[in-house]
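Peer 1: Sequence first, predicted model second:
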Amino acid sequence: MKLISPTNVEVDIGDTLQPNEYIGMCRREILDKYLRDRAIEYGAEPVTGLVTSIDVPEGHQESEEQYTLHYQEYVEGSSAGVPKDMKVDLIIGADGANSRVAKAMDAGEYNFAIAFQERIKISEEKMKFYEEMAEMYVGDDVSPDFYGWVFPKYDHVGVGTGTVVNRPAIKQYQKAIRDRAGDKIAGGKIIKVEAHPIPEHYRPRRVQGRMALVGDAAGYVTKCSGEGIYFAAKSGRMAAESIVALMEGGKRLPTQSEIERTYLADYDKLYGPTYTVLDILQKVFYSNNGAREAFVELCNSKYVQQVTFDSYLYKRVQGNNPLDDIKLLGETIGCLIKGYSIAKPDQVFSNPVESQKRL
C-alpha cells in the first residue's frame, strides 16, 4: 500500500505484515451475495422486498406487543411490488445509514460523510500495478477532512473520496483524486458510479424496546480509515447471539435493558477504545496539509506501521511499547513542525448552510 502526501511524497507501508496477513479489498456485490446465499443455506427465509414503514406499538419498551413491517414484495420478472405486511417480535436493523428501522424507533441523528466512488476499468497493463497495490492520497485538494483512494477491485479499480465538512464539493474532490492518480488510470472507462452516506459516530439510541441497530444503521464506522464492513458483520453477529441467548430457546422475549447490558455493553467494551483513538488521529492528522505531510512522514516508521496494521487487522488498539511511544511522541512533534513548514495552506471554502446542520 502507498500513502501519498499533499506534495506527492510517497511512502510504502505494509512491510511489517506477516506472510499470513494482508489487507483485503471487498466487492460488496460478491460479498453480499455470498452472505445472503449462506444465510438461506442455514435456514433463513429470504424476502425480496422493500420496507416502506414500521408500526411501533406505544410503550413497546415495556410491552411484548408485536411490531408490524409494511413492505413491497417483488417477484422475478415484475417491476411492480406487491404490498404486504408481517408481524414480528424483534427487529435487528441492518439497513444502512438511511435506516428505516432507526427512523421508526426514533434512534436520533448523526453526522455523516459523503463517500463518492467511480469504478474504472483500466487496461490490463495498468491493472498489473494495482494487483497487489492500494493507494491512499491525502491533501485538501482531494478532501478537506478525509482521504482519496485508488483500490483494486479484481479486474478494475475503485477511485474515490469522501468528506463531512464540504459535501457539496464532492465532485470537485473526485476530479482531484482522478488527477492525482494521473497516468496510472488514464484512458480508463467509468463502469459504475457510487455514492453513499458514511456515519461519523454512534446514533444516540441504538436499542429501543426489542429493536436494535447494527452496522452503519447504528453508526459503526471508524474514523481515519472509514471502515465499516467488518464492524457491520461483527455487530450483527453479536446482536443476534445476545438476543438468541436471552430468549432461552424461544421461551421468552428479551427486554431493552437486557439487550443493552449484553449486546451494547459487550460491543462498546470491545471496540470503544478503537473508535476513540481513530477519532483523535483523524482530528490531528486530517485537519490541514501540514498535519497530512507529518502523517505520511511518520508512516515511514516501522513501529508506526506495526501498530497501525496490527490495530487495523485485529480491530483493537494494540498494546504498545512505552519506550517506543515516548520516542514516537518526539518524532510526531518533529514531523508536525516540518510538515507545517513545507505544506501549502489549505484552500478556504465556505459551506455555511450544512455547517449549521452538523450536530
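Peer 2: Arrived safely.
Peer 1: quick one: the strands in the stretch 151-300 of the chain?
Peer 2: 157-163, 189-199, 207-208, 211-213 (DSSP state E, counting those that start in this stretch).
Peer 1: where does the stretch 201-350 of the chain dip in pLDDT?
Peer 2: 318-320 (pLDDT under 70).
Peer 1: repeat for the stretch 51-200 of the chain
Peer 2: In the stretch 51-200 of the chain, no residues with pLDDT under 70.
Peer 1: try 90 this time
Peer 2: Applying pLDDT under 90 to the stretch 51-200 of the chain flags the ranges 75-80, 110-111.
Peer 1: how far does stretch 94-107 stretch from start to finish?
Peer 2: End-to-end span of stretch 94-107 (C-alpha to C-alpha, to the nearest Å): 13 Å.
Peer 1: before we move on, the earlier item: ranking the strands of the stretch 151-300 of the chain by mean neighbour count, which comes first?
Peer 2: strand 211-213 (a mean of 28; mean count of other C-beta atoms under 10 Å). Where C-beta positions appear, they are placed from N, C-alpha and C, glycine not excepted.
Peer 1: thought residue 316 was touching residue 270?
Peer 2: Yes. Assessed by C-beta atoms under 8 Å, residue 316 is found in contact with residue 270 at 7.1 Å.
Peer 1: before we move on, the earlier item: in TSV: the strands of the stretch 151-300 of the chain, plus distance to residue 3.
Peer 2: Converted to TSV, the strands of the stretch 151-300 of the chain look like this (distance: least, C-beta to C-beta, whole Å):
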stretch	distance to residue 3
strand 157-163	15
strand 189-199	20
strand 207-208	38
strand 211-213	33
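Peer 1: Of all those strands, which one comes closest to residue 107?
Peer 2: Nearest to residue 107, of all the strands of the stretch 151-300 of the chain, is strand 211-213, at 6.1 Å by C-beta to C-beta.
Peer 1: rewinding a little: and of the strands of the stretch 151-300 of the chain, who's closest to residue 174?
Peer 2: Among the strands of the stretch 151-300 of the chain, strand 157-163 sits nearest to residue 174 (C-beta to C-beta), with 5.8 Å.
Peer 1: Name the strands paired with that closest one and say parallel or antiparallel.
Peer 2: Sheet pairing of strand 157-163 (DSSP bridges) gives strand 112-121 (antiparallel), strand 148-152 (antiparallel).
Peer 1: Please write out the alpha-carbon positions of that strand in PDB.
Peer 2: Output of strand 157-163 as PDB, limited to C-alpha atoms (Å, rounded to 0.1, in the frame of the first residue of the first chain):
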ATOM      1  CA  VAL A 157     -10.200  -0.100  -9.700                       C
ATOM      2  CA  GLY A 158     -12.300   1.900  -7.300                       C
ATOM      3  CA  VAL A 159     -11.400   5.600  -7.300                       C
ATOM      4  CA  GLY A 160     -13.000   7.800  -4.700                       C
ATOM      5  CA  THR A 161     -13.000  10.300  -1.900                       C
ATOM      6  CA  GLY A 162     -15.200  11.500   0.900                       C
ATOM      7  CA  THR A 163     -15.900  14.500   3.100                       C
END
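Peer 1: Touching it from outside, list them.
Peer 2: With C-beta atoms under 8 Å, 6 or more residues apart in numbering as the test, strand 157-163 has contacts from 113-120, 122, 127, 130, 142-152, 169-170, 173-174, 176-178, 181, 185, 188, 194, 198, 226.
Peer 1: Return a ChimeraX selection command for the buried portion of the residues you listed.
Peer 2: To isolate the buried subset of the contacts of strand 157-163 in ChimeraX, counting by 16 or more other C-beta atoms under 10 Å, use the following:
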select :113,114,115,116,117,118,119,120,122,127,130,142,143,144,145,146,147,148,149,150,151,152,169,170,173,174,176,177,178,181,185,188,198,226
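Peer 1: ok, now how distant is the residue lying farthest from the centre of the chain from residue 245?
Peer 2: Relative to the mean C-alpha coordinate of the chain, counting by C-alpha atoms, centre = their mean, the farthest residue is residue 251 (36.4 Å). Distance, residue 251 to residue 245, using C-beta to C-beta, to the nearest Å: 12 Å.
Peer 1: and residue 7, what element?
Peer 2: For residue 7, there is no helix or strand it lies in under DSSP states H and E.
Peer 1: okay but it is in contact with residue 339, surely?
Peer 2: No. Counting by C-beta under 8 Å, residue 7 stays clear of residue 339, with 9.6 Å between them.
Peer 1: Which one's more surrounded, these two?
Peer 2: residue 339 (24 against 14; other C-beta atoms under 10 Å).
Peer 1: In three-state terms, label that one for me.
Peer 2: helix (DSSP: H, G, I helix; E, B strand; the rest coil).
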